[in-house]
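Visitor: what's the 3D shape of this:
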Amino acid sequence: NAVFHYLTKTLEYPPQHIVLYGKSLGSAPTVELASKHRVQGVILVSPIASGARVVMPGSNSLLLDRAFCNNIGKVKKIKDSVFLIHGTADEVVHVSNGEALYSACKNVHPLPPVWVKNAGHNDIESNFQEEFLGSIKMFLDHCWEMRILLGESS
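Guide: Model prediction:
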């Protein structure tokens with residue numbers, strides 16, 4: 001919140017030009033911020049659906065989801081483009097977390113998620129760099145095209 005406030009209030013940077021990025025547990029504050037503020041887009045890498053779903057992969061208890069880091073409940077409130085990237089061999093945050101988030105907010109996804117085959121939690125950026133960076137570039141290109149379509153390219 002502090003950085004977002006500084007960018008938008010102090011520096012007067014337009015929120016519609018900001019793309020938020022959150023990885024793993026960092027997806028929780030990213031989703032929280034995006035659920036309350038309009039931005040250009042949101043990139044979630046190896047995101048958690050909820051604290052409960054990290055501890056118990058395959059769980060889908062809405063009651064447990066609400067207990068800690070309820071991304072699955074909040075992601076539905078995001079009105080901007082959401083882009084998911086998750087490794088299929090993630091040993092820390094099971095890919096079912098990313099799949100659950102995608103199912104919860106398909107209506108705001110401009111692009112399908114990227115499931116990086118054989119990527120783990122801590123090697124997705126380094127060992128799968130081409131696919132990882134290529135997918136982010138694709139999303140950022142999409143964001144730029146949306147700004148042009150909406151007449152906000154400056």
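
Visitor: ok, Thr30 to Gln40 distance?
Guide: With distances defined as Cβ to Cβ, to the nearest Å, the gap from Thr30 to Gln40 amounts to 13 Å. All C-beta spots, glycine's among them, are computed from the backbone N, C-alpha and C.

Visitor: repeat for Cys105
Guide: In this view, Cys105 and Gln40 are 16 Å apart by Cβ to Cβ.

Visitor: Contacts for the longest helix seen in the chain next, please.
Guide: The residue-count maximum for a helix in the chain (DSSP state H) belongs to helix 129-149. Outside helix 129-149, the residues that touch it by Cβ atoms under 8 Å, 6 or more residues apart in numbering are 16-17, 19, 40-41, 43, 81, 83, 85, 110-111, 114, 116, 119, 124-125, 153.

Visitor: Pull out the buried members of those.
Guide: Judged by neighbour count, with 16 or more other Cβ atoms under 10 Å as the criterion, the buried members of the contacts of helix 129-149 are 19, 40-41, 43, 81, 83, 85, 114, 116, 119, 124-125.

Visitor: picking up where we left off before, buried stuff in the longest helix of the chain?
Guide: Taking 16+ other Cβ under 10 Å as the basis for neighbour counts, the residues of helix 129-149 that come out buried are 132, 135-136, 139, 142-143, 146-147.

Visitor: likewise stretch 93-112?
Guide: With the criterion 16+ other Cβ under 10 Å, stretch 93-112 contains buried residues 93-98, 100-102, 104-105, 108.

Visitor: got the CA coordinates for it in PDB?
Guide: Taking C-alpha atoms only, stretch 93-112 is exported to PDB below (Å, rounded to 0.1, in the frame of the first residue of the first chain):
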ATOM      1  CA  VAL A  93       3.100 -24.200  -4.000                       C
ATOM      2  CA  HIS A  94       1.300 -27.000  -5.900                       C
ATOM      3  CA  VAL A  95       0.100 -26.000  -9.400                       C
ATOM      4  CA  SER A  96      -3.400 -26.700  -8.200                       C
ATOM      5  CA  ASN A  97      -3.300 -23.300  -6.500                       C
ATOM      6  CA  GLY A  98      -2.700 -21.600  -9.800                       C
ATOM      7  CA  GLU A  99      -5.400 -23.700 -11.500                       C
ATOM      8  CA  ALA A 100      -7.900 -22.800  -8.800                       C
ATOM      9  CA  LEU A 101      -7.100 -19.100  -9.100                       C
ATOM     10  CA  TYR A 102      -7.500 -19.300 -12.900                       C
ATOM     11  CA  SER A 103     -10.900 -21.000 -12.500                       C
ATOM     12  CA  ALA A 104     -12.000 -18.300 -10.000                       C
ATOM     13  CA  CYS A 105     -11.200 -15.400 -12.300                       C
ATOM     14  CA  LYS A 106     -11.300 -16.600 -15.900                       C
ATOM     15  CA  ASN A 107     -13.600 -13.700 -16.800                       C
ATOM     16  CA  VAL A 108     -10.800 -11.100 -16.300                       C
ATOM     17  CA  HIS A 109      -8.100 -13.100 -18.000                       C
ATOM     18  CA  PRO A 110      -7.200 -11.700 -21.400                       C
ATOM     19  CA  LEU A 111      -4.800 -14.500 -22.000                       C
ATOM     20  CA  PRO A 112      -4.700 -18.100 -20.900                       C
END
